[in-house]
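Student: pasting the structure only:
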């Protein structure tokens, strides 16, 4: 990390290090905090040319969809320390529409056509007296619909969800005949939290390898979904401390910048309290641009969902 005012050994056995508040809470707080409403829309696909028969691949009732909203509500309230609150399904709150019949069969759509489905859904819920503009997020549930792969239409897409980064649209493609009703709800909640994370503005939570390695003809420097704890990676826990700060769920003072060697004490960021230091920001270029978000390491401490 460059020149040090004292040796690491002395620092480790010495006094507390010094910090200054971070300046990196960059998210739009009007979008990432406050009271929000979700419109949940299940879709079904025609299975006959005359559109008299349809397949609903979700196996979700209206009450199941309400339970999915409740699962999302609970997670975001917990993770954000109640700075982001999702309204329950009720009059004036979040809403579950009736099932929307799409124009094409599932295999008529490819992974590149999800935007067309979002457009269809927003047009067709109007016939149910629903104005989609009254909702902050639109969550389209399609079950395990066999959407065609955009590169090979003989195959089904590999993914279980898509979300537009910084926008309100998500598409969830989750079901399995072996699921119990509760497992189906829980799995939809899990994927929805990831896709709604994209809607809030987050990218995938990655890892960087200590040294690159060759994978076939490709040099790998990291794994896009590599964070084994974060919901935006391959983990099942809440968002990492940097993302919480970016979302304005933690204040800059909760994730300060370390400016000297020393001993630092941080507390977990995944329990109810949010006071005190919950993460530590360390510049990798302290003498060039110490506040650049492109050159930071973030240290976090978790207690929940850690294996």
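Tutor: Ah, there it is. From a predicted model like this one, the values you see are computed outputs, not experimental measurements.
Student: now the residue most central in space within the chain: phi and psi?
Tutor: Centroid-nearest residue in the chain, with C-alpha atoms, centre = their mean: residue 197, separated by 2.5 Å. Dihedral angles of residue 197 (phi, psi; degrees, to the nearest 10) stand at phi -60, psi -40.
Student: which residues touch it?
Tutor: For residue 197, the contact set (C-beta atoms under 8 Å, 6 or more residues apart in numbering) comprises 163, 231, 232, 239, 243. Bear in mind the C-beta positions are built from the backbone N, C-alpha and C, glycine included.
Student: likewise residue 88?
Tutor: Taking C-beta under 8 Å, 6+ apart as the test, what residue 88 contacts is 66, 69, 70, 73, 94.
Student: picking that back up, so of the contacts of residue 197, which ones are in strands?
Tutor: Judged by DSSP state E, the subset of those located in strands is residue 163.
Student: returning to that earlier point: list just the nearest of the contacts of residue 88 to residue 188.
Tutor: Residue 188 lies nearest to residue 69 out of those, by C-beta to C-beta, at 10.2 Å.
Student: so the closest one: helix, strand or coil?
Tutor: The three-state label given to residue 69 by DSSP: H, G, I helix; E, B strand; the rest coil is helix.
Student: burial measure for it, as a count.
Tutor: Burial measure for residue 69: 25 neighbouring residues, criterion other C-beta atoms under 10 Å.
Student: quick one: it from residue 40, how far?
Tutor: Going from residue 69 to residue 40 by C-beta to C-beta, to the nearest Å gives 6 Å.
Student: where do the contact lists of these two overlap?
Tutor: By C-beta under 8 Å, 6+ apart, residue 69 and residue 40 have these common neighbours: 89, 94, 96.
Student: doesn't residue 73 make contact with the first one?
Tutor: No: because the distance of 9.6 Å does not satisfy C-beta atoms under 8 Å, residue 89 is recorded as not touching residue 73.
Student: about what we covered before: which of the contacts of residue 88 sit farthest apart?
Tutor: In the contacts of residue 88, two members sit farther apart than any others by C-beta to C-beta. They are 66 and 73, at 10.3 Å.
Student: the more surrounded of these two?
Tutor: Using other C-beta under 10 Å as the criterion, residue 66 and residue 73 rank with residue 73 on top: 21 against 18.
Student: show me where the stretch 51-200 of the chain has its strands.
Tutor: Counting by DSSP state E, counting those that start in this stretch, one finds strands in the stretch 51-200 of the chain at the ranges 54-55, 84-86, 95-96, 100-101, 137-141, 161-163, 169-172.
Student: out of those, the one nearest residue 125 is which?
Tutor: Nearest to residue 125 among these is strand 100-101 (6.5 Å), distances taken as C-beta to C-beta.
Student: now stretch 135-155: buried residues?
Tutor: Across stretch 135-155, burial judged by 16 or more other C-beta atoms under 10 Å covers 135-149.
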